[in-house]
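S.K.: sequence? don't have it. structure:
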């Protein structure tokens, strides 16, 4: 079965993007959230906010949860 990227319903803080990425990449979502926050401060914030909003729009919610 083909692996698909979904937003998580059960492991979410805001939209479930980091939780879904964690499931897809088989990584700890907390680690991904820390990377996101670090990149937020390094880039000045706006690029990461835009990236998160785009992910929120285009990544579907996991229908199996």
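M.R.: Structure's in. What do you need? Remember, predicted model here, so these are calculated numbers, not experimental data.
S.K.: Flag the shaky bits of this structure, pLDDT-wise.
M.R.: 65 (pLDDT under 70).
S.K.: any idea how far residue 14 lies from residue 52?
M.R.: Using CB to CB, to the nearest Å, one obtains 8 Å as the distance from residue 14 to residue 52. For every residue, glycine as well, the C-beta is placed using N, CA and C.
S.K.: distance of residue 43 from residue 56?
M.R.: Counting by CB to CB, the gap from residue 43 to residue 56 is 18 Å.
S.K.: And for residue 1, the neighbour number?
M.R.: If you count neighbours by other CB atoms under 10 Å, residue 1 ends up with 3.
S.K.: let me fix that: residue 62
M.R.: Other residues close to residue 62 by other CB under 10 Å number 18.
S.K.: Just give the nearest non-adjacent residue to it, would you?
M.R.: Nearest residue to residue 62, sequence neighbours excluded (CB to CB, 6 or more residues apart in numbering): residue 6, at 3.7 Å.
S.K.: My guess is that neighbour contacts residue 58. True?
M.R.: No: in this structure, residue 6 is not within contact of residue 58 by CB atoms under 8 Å, at 11.4 Å.
S.K.: So which of those two has more stuff around it?
M.R.: Using other CB under 10 Å as the criterion, residue 6 and residue 58 rank with residue 6 on top: 19 against 9.
S.K.: what's the distance between residue 63 and residue 6?
M.R.: 8 Å.
S.K.: Counting by contacts, list what the lengthiest helix in the chain packs against.
M.R.: Looking across the chain with DSSP state H, the single longest helix is helix 29-43. Counting contacts by 3 or more CB pairs under 8 Å, 6 or more residues apart in numbering; DSSP states H and E, helix 29-43 is packed against helix 17-25, helix 46-58.
S.K.: ok, residues contacting it?
M.R.: With contacts defined as CB atoms under 8 Å, 6 or more residues apart in numbering, helix 29-43 is touched by 8, 11, 13, 18-19, 21-23, 25, 48-49, 52.
S.K.: Can you pick out the most distant pair from those residues?
M.R.: The distance between the two most remote of the contacts of helix 29-43 (CB to CB) is 22.9 Å, for 23 and 49.
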